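> my questions concern the predicted model and sequence given below.
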Amino acid sequence: MRSLLPNHSVTVIIPAGGSGERLGASIPKALVQLADRTLIEHCVSRIAPIANQIIVAAPAGYEEKFRSLLGDDILVVTGGITRTDSVRAALSRATSDYILVHDAARSLASTQLAGRVIDALASGEKAVIPVLPVIDTIKNVDHNNFVITTHDRNALRAVQTPQGFEAQTLRAAHATSDDATDDAGLVEALNIPVKVVEGEDRAFKITVPEDLARAQRALLGEDTKNIRVGVGTDAHAFSADVNRPMWLAGLLWSDEIGVDGHSDGDVAAHAICDALLSAAQLGDLGSNFGVAEPEWAGASGAKLLQETLKRVKAAGYEINNVSVQIVGNRPKIGPRRAEAINSLSLALDGALVSLSATTTDGLGFTGEGKGISAIASVLLRVTGRIS
Ligand code: CTP
Ligand code: MG
């Protein structure tokens, strides 16, 4: 919930009732898939952080499909023949004192853009629209293809959504029977000042097929900003105690002599824990499970993996993949690789895990058979869901 408007609430109306004729898909435009979700889901997930209520106008006949995609928190109404009809259908259900109207087709508009619109409303404006400068010179032409006038480009702006309004201003504007491609046009007709704030490139309207490729490129940039990589290593010496059990990669290796240490000495699990914690900027095994938290002393590798994942998730991340390499002369990993991957993955809620192993040509403590080590790297995705 947005704190800038402590005494106000915000309803976001999303007209998504169009068919998307110019896009040429066989389904309504808002249901077209872009990367991992539909356009309407992109739109809703970006606007949700600033909204107290979201109302989506769906194309007639697609209401249930929208409901199943968007969940119970989103109110889905039946859209109308025109965009204005769709906005009106939603407006009758809006309960907040500020209303944003935001085209589903501007699916990648950022939360910050909506924030700028709300900031201007909070400072007392009745109507606020995001705009961009116009790059091309714009002319009026007649039916015979002759120029009538040329506009002063410096005074022109291209208009985007979300457009923000005081609820009573928007209701008054829509009380007329006029049709408009943007809601601010109806407010202007009432001689109410409409304030402009800076728009953004990524709020462009997905209209023709090439726009989907542009949206895909914009998402790619976003995805790379939302990943975190982490690295971790661990090493232990083989024990002189022949009865010491060997735990490695979450498995008991009953024919092997284990390693020294207070824990089960599972270097693969520990290296992964460290990599996860480092990617999430949560410190390391020592700072998480050391003397300050004695209940973890002696915990198994699998238990530590489970608890580490819990902390990483709580910090707002999810695992993309985990890769771990075991370095040592024994045990031979190959025959039990699938089993080991399974056990590590199970401890990490089914995450994608890969496991490799190597020897070091007789060099170093691993090559001399004195111990075993592991190195892990992980890729996390930012979910932003901090618990
Ligand atoms: N819209 C709506 N109800 C309509 C028509 C349009 O809610 N009867 C919505 C669209 O779903 C879109 C926004 O208004 O989110 C802007 O419209 P546009 O980009 O033109 O979408 P479509 O009308 O679906 O596309 P086209 O004009 O190519 O058919
Ligand atoms: Mg249209």
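Sure thing, it's come through. Numbering: from 1, shown residues only. Ligands and ions are numbered 1, 2, ... in the order given.
> what about the closest residue to ligand 1 within the stretch 1-150 of the chain, distance to Gly124?
Relative to ligand 1, the nearest point of the stretch 1-150 of the chain is Gly18 (2.0 Å; Cβ to the nearest ligand atom). (C-beta placed from N, C-alpha, C; glycine too.) Using Cβ to Cβ, to the nearest Å, Gly18 is found at 33 Å from Gly124.
> who's more crowded, the two?
Higher neighbour count among Gly18 and Gly124: Gly18, with 20 against 8, using other Cβ atoms under 10 Å.
> so what touches the longest helix along the chain?
Criterion DSSP state H: the longest helix present in the chain is helix 209-225. Contact with helix 209-225 is made by 23-24, 32, 34-35, 107-108, 201-202, 204-206, as judged by Cβ atoms under 8 Å, 6 or more residues apart in numbering.
> related to what we said a few turns ago, got the contact list for the residue of the stretch 1-150 of the chain closest to ligand 1?
Contacts of Gly18 (Cβ under 8 Å, 6+ apart): 28-30, 59, 79, 83, 86, 104-105.
> what segments of the stretch 101-250 of the chain are helices?
Along the stretch 101-250 of the chain, the segments classed as helices by DSSP state H, counting those that start in this stretch run 111-122, 167-174, 183-188, 209-225.
> who wins on neighbours among the contacts of helix 209-225?
That'd be Ser107 among the contacts of helix 209-225, by other Cβ under 10 Å, with 33 neighbours.
> pretty sure that residue contacts Leu39?
Yes. Counting by Cβ atoms under 8 Å, Leu39 is a contact partner of Ser107 at 4.3 Å.
> okay, now the closest residue to Ser300 other than its chain neighbours: neighbour count?
Leaving aside its sequence neighbours, Ser300 sits nearest to Asp264 (Cβ to Cβ, 6 or more residues apart in numbering; 5.1 Å). Residue neighbour count, defined by other Cβ under 10 Å, stands at 24 for Asp264.
> quick check: Asp264 touching Gly301?
Yes. Taking contacts as Cβ under 8 Å, Asp264 lies within contact range of Gly301: 5.7 Å.
> between the two, which contacts overlap?
By Cβ under 8 Å, 6+ apart, Asp264 and Gly301 have these common neighbours: Trp247.
> on that earlier part again, quick check: the residue nearest to Ser300 vs ligand 1, distance?
56 Å (Cβ to the nearest ligand atom, to the nearest Å).
> per-residue pLDDT of that residue, please?
As predicted, Asp264 sits at a pLDDT of 93.
> likewise for Met1?
40.
> same question, Ala51
The per-residue pLDDT of Ala51 was computed as 96.
> look up phi and psi at it.
Dihedral angles of Ala51 (phi, psi; degrees, to the nearest 10) stand at phi -110, psi 140.
> tell me the contacts of it?
By Cβ under 8 Å, 6+ apart, the residues touching Ala51 are 10-12, 100.
> for the residue lying closest to Ala203 once chain neighbours are set aside, what are its contacts?
Spatially, and ignoring its direct neighbours in sequence, Ala203 is nearest to Ala109 (3.7 Å; Cβ to Cβ, 6+ apart). Going by Cβ under 8 Å, 6+ apart, Ala109 touches 43, 46-47, 102, 160-162, 200, 202-203.
> His236: which of these is nearest?
Looking at the contacts of Ala109 and their distance to His236, the nearest is Arg46, at 46.9 Å (Cβ to Cβ).
> in a strand, the closest one, correct?
No. Using DSSP: H, G, I helix; E, B strand; the rest coil, the secondary structure at Arg46 is helix, not a strand.
> and the pLDDT for it?
Looking at Arg46, its pLDDT is 95.
> what do you get for Arg171?
Reading off the model, Arg171 has pLDDT 97.
> export the lowest-mean-pLDDT helix or strand in the chain as PDB, just CAs?
The helix or strand of the chain with the lowest confidence, counting by mean pLDDT, DSSP states H and E, is helix 209-225 at a mean of 89. C-alpha atoms of helix 209-225 as PDB (Å, rounded to 0.1, in the frame of the first residue of the first chain):
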ATOM      1  CA  PRO A 209       2.800  -7.400 -34.000                       C
ATOM      2  CA  GLU A 210       6.200  -5.600 -34.000                       C
ATOM      3  CA  ASP A 211       5.200  -4.100 -30.700                       C
ATOM      4  CA  LEU A 212       5.400  -7.600 -29.100                       C
ATOM      5  CA  ALA A 213       9.000  -7.900 -30.200                       C
ATOM      6  CA  ARG A 214       9.700  -4.500 -28.700                       C
ATOM      7  CA  ALA A 215       8.100  -5.500 -25.400                       C
ATOM      8  CA  GLN A 216      10.100  -8.700 -25.400                       C
ATOM      9  CA  ARG A 217      13.300  -6.700 -25.700                       C
ATOM     10  CA  ALA A 218      12.200  -4.300 -22.900                       C
ATOM     11  CA  LEU A 219      11.600  -7.300 -20.700                       C
ATOM     12  CA  LEU A 220      15.000  -8.800 -21.400                       C
ATOM     13  CA  GLY A 221      16.600  -5.700 -19.900                       C
ATOM     14  CA  GLU A 222      14.400  -6.000 -16.900                       C
ATOM     15  CA  ASP A 223      15.100  -9.600 -16.300                       C
ATOM     16  CA  THR A 224      18.900  -9.200 -16.300                       C
ATOM     17  CA  LYS A 225      18.500  -6.500 -13.600                       C
END
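> just the element for the residue of the stretch 1-150 of the chain closest to ligand 1, please.
Assessed by DSSP states H and E, Gly18 sits outside every helix and strand.
> where does it land on pLDDT?
If you check Gly18, the pLDDT there is 97.
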